[in-house]
Every structure is written in structure tokens, then in C-alpha cells.
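Chemist: Generate coordinates for the sequence data below:
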Amino acid sequence: MKMITKWSSLVVLVLAVVCLISRYALCYWCGYYQKSWTPIGYQELLALFGFFLFPAQLTVWIISLFQRQHRLWTTAMLAGLFALWGLKFVLPWPHDLILRAMRDGMLRNYGLDGVRHFAHDFGQLPNIPENNLDGRTKFYWNRGKNSNLAKTGLKEKYPFLTNCEDVVEWDNMVHVDWGGFENHWGFSVALDGKRIDPEHLEPSNKIIRASDDIFFISDY
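Modeler: Sure thing, here's the model as predicted:
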């Protein structure tokens, strides 16, 4: 019994470290392999689980004070947990890794020319009038039984489209979108190879440019 508070405080701190590392790893995996919403949901659950580790560690610390045992140890573990929490103000937000990882994965697996070839192939597809929203030139869904993209053959040729939400072409630019609910991420490619710049940016938007004609964007 004397060692319970000591080992409990250590376990709590180790779990907190594992939660933090797992959050970043999941976000990077999600972006690198062009996944959609599910891994991000797990990341949020890890963040919630990590939040409950604070009262657990505080409880262990208070018990050690009453028992007058391992007080220095449990105090150090509690301080370590607060230091770990403070890292959130130094490290980038886990979601920021999605965009960086997507750029890394796309450029490593397809390269700039592969992304441009995809945009060219999508540009050859016909317009679907009933999907022409807000004056957009072309809009292909990739969700549900009525997925238009599944009928094009592009998903077999470009596996990164497997989990995307949709592909849109407008203003001589092709954009691929991932995500769910309110948050999305993806990339845009100019069909003519000229420089393109994102328009109507929100304060939450993040941009990573791969070349003049290709950039990655998220609204986290």
C-alpha cells in the first residue's frame, strides 16, 4: 500500500505523455495517408482522456500529503504533468500536422508532376449540371451511394482520392477536400500551371505552398 501513490503518480504521468504523443502521431498519420475524419475523432478523445488525468494526479498528490509518504515524488510527478500541459503553448497544435503530413505524403508518393497529372485528368471530366453549385465549373462528390467520383476511375488511378470528401474545379483550378463537420483540409492545383493564391481566407486558414501552382490549405 505504501507504494501505491508513488506508482500511481508515475502511471498517470506516463499516460499523459502517451496521450500527447499519440495525438500528434494520429494527426500526422491522418494527413500523410490522406485519411478523413475518424482519426481526428480519436485524437479528440485522447485529448479528453488527458484532461481527466489532471484530477487523477491531483488526487494522488493529496493522498500522499495525508499519508506523509512519497510527497516529494508525487509533487514532482504533478509538476511534470503541469509542465507537459505547458508544452501546448510551445508546440504546434496537433491539427497543424495534418497539413504538413499531407504535403509530405503527396509529394513523396506522387510528386508535383503526379499532382498536376491528376488535375489534368480531372479537368477532362464532364460537368454534372445538378452538382454545379454556386457557379462552380465542376463538382464531384465522393460520399454515399451517389458518389460521382467513384464512376470516373480516378480513385483507382489516384488512391489518395479514396477518403476525400469531394473534388471541385473552378476558376481554372482543381481543389480536393478532406475532413468532416466544420473542419476541412486539402490542396489546390492550377490547371494552366500558373501561380495561384488562395482567396477569401479566414483567420483560421493555414497555407503551405508546394510550388507556384500547388498549395495545401486547412481551415483548422
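Chemist: Following element in sequence after the worst-scoring helix or strand of the chain on mean pLDDT, please.
Modeler: Least confident helix or strand of the chain, by mean pLDDT, DSSP states H and E, is helix 38-67 with a mean of 71. Tracing the chain past helix 38-67, the next element assigned as helix or strand by DSSP states H and E is helix 71-86.
Chemist: export the helix or strand just after that next one as CSV, just CAs?
Modeler: Scanning forward in sequence from helix 71-86, with DSSP H and E defining helices and strands, the next element found is helix 96-109. Extracted C-alpha coordinates of helix 96-109, given in CSV (Å, rounded to 0.1, in the frame of the first residue of the first chain):
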residue,chain,number,x,y,z
ASP,A,96,-1.3,21.6,-37.8
LEU,A,97,0.5,18.4,-38.6
ILE,A,98,-2.3,17.2,-40.8
LEU,A,99,-1.4,19.8,-43.5
ARG,A,100,2.3,19.2,-43.2
ALA,A,101,1.9,15.5,-43.3
MET,A,102,-0.4,15.7,-46.3
ARG,A,103,2.2,17.7,-48.2
ASP,A,104,4.9,15.2,-47.2
GLY,A,105,2.8,12.2,-48.2
MET,A,106,1.6,13.7,-51.5
LEU,A,107,5.0,14.9,-52.6
ARG,A,108,6.7,11.7,-51.6
ASN,A,109,4.2,9.3,-53.2
